[in-house]
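*Asks:* just the structure for this:
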Amino acid sequence: MPEARGPLRRERLRTARLYFVCEALPDGRDPEALLHAALSGGVDIVQLREKELGREEVERVARTFRRLCDTYSALFIVNDDPYLAQTCNADGVHLGQEDMPVEEARELLGPEMIIGLSTHSKEQLAAGGASAVDYVSVGPIWETPTKAGRPGVGLGLVEHAAAAAPHPFFAIGGIDPGNAGEVVAAGARRLGVVRAIRDAADPAAVAGELRGALAAVGEAAPGA
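*Replies:* Got it, this is the predicted structure:
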């Protein structure tokens, strides 16, 4: 069973600062070494985001994600599918704007599991604030191949979220150690990344650099 339940899950979410989104088989490889490096470097939440593999393979790989997140006392989130989150013993699900409605997912998952929601505009942020989500992502800040065709929302939406988001929010989309300071300066106190860690020669070092950008402004965070 997942180590983090109910209030403990939400306490981990409250203190989380670095969120890593990862495919089941990054670059076609077993994820264990990458996840170990990312988590040892300071990642607090890992999301399994897989669009290509069959369900049986995803469920198999999810056991590695679950085990390593438990080892590092990190949260394990599954993308898009609340039913898969249940099957994989995840701590929660991350929903897109076109996925199952938040209220339906909450009814299915119950009060203990975490629900996150992608937002791309002020209107979506406001709607998320009125729903049963536990956190939101804000982005993509810059256009990124992991969200092909979706234009970057820019740092202005980060500034708005810092002032108005009622939930913890993670800025995401094209963030790396070279520009993380700009995102933090705009008001973000939680960062989400894909390629910056996945494609790094030293994922642990990159995770540490990203945490360093956040450490410069302390631990207080909007929506905490």
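*Asks:* now do the strands in this structure.
*Replies:* Assigned by DSSP state E, the chain shows strands spanning 18-22, 45-48, 75-79, 92-95, 114-119, 135-138, 169-172, 191-193.
*Asks:* with mean neighbour count, distance to residue 38 and mean pLDDT added, can I get those in CSV?
*Replies:* From N, CA and C alone the C-beta is placed, and that goes for glycine too. Shown next, in CSV, are the strands of the chain (neighbours: other C-beta atoms under 10 Å; distance: least, C-beta to C-beta, whole Å; pLDDT from 0 to 100):
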stretch, mean neighbour count, distance to residue 38, mean pLDDT
strand 18-22, 24, 5, 98
strand 45-48, 26, 7, 98
strand 75-79, 25, 13, 98
strand 92-95, 27, 17, 98
strand 114-119, 25, 18, 97
strand 135-138, 26, 18, 97
strand 169-172, 28, 15, 98
strand 191-193, 26, 9, 98
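*Asks:* export the ones you listed to CSV and tack on distance to residue 86?
*Replies:* Below are the strands of the chain laid out as CSV (distance: least, C-beta to C-beta, whole Å):
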stretch, distance to residue 86
strand 18-22, 20
strand 45-48, 13
strand 75-79, 9
strand 92-95, 9
strand 114-119, 12
strand 135-138, 19
strand 169-172, 23
strand 191-193, 23
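*Asks:* for residue 101, which of those strands is the nearest?
*Replies:* Proximity to residue 101 (C-beta to C-beta) singles out strand 92-95 among the strands of the chain, at 8.2 Å.
*Asks:* contacting residues around that closest one?
*Replies:* Residues outside strand 92-95 that contact it (C-beta atoms under 8 Å, 6 or more residues apart in numbering): 9, 47, 49, 75, 77-82, 84-85, 102, 105, 109, 113-118, 133-134, 137.
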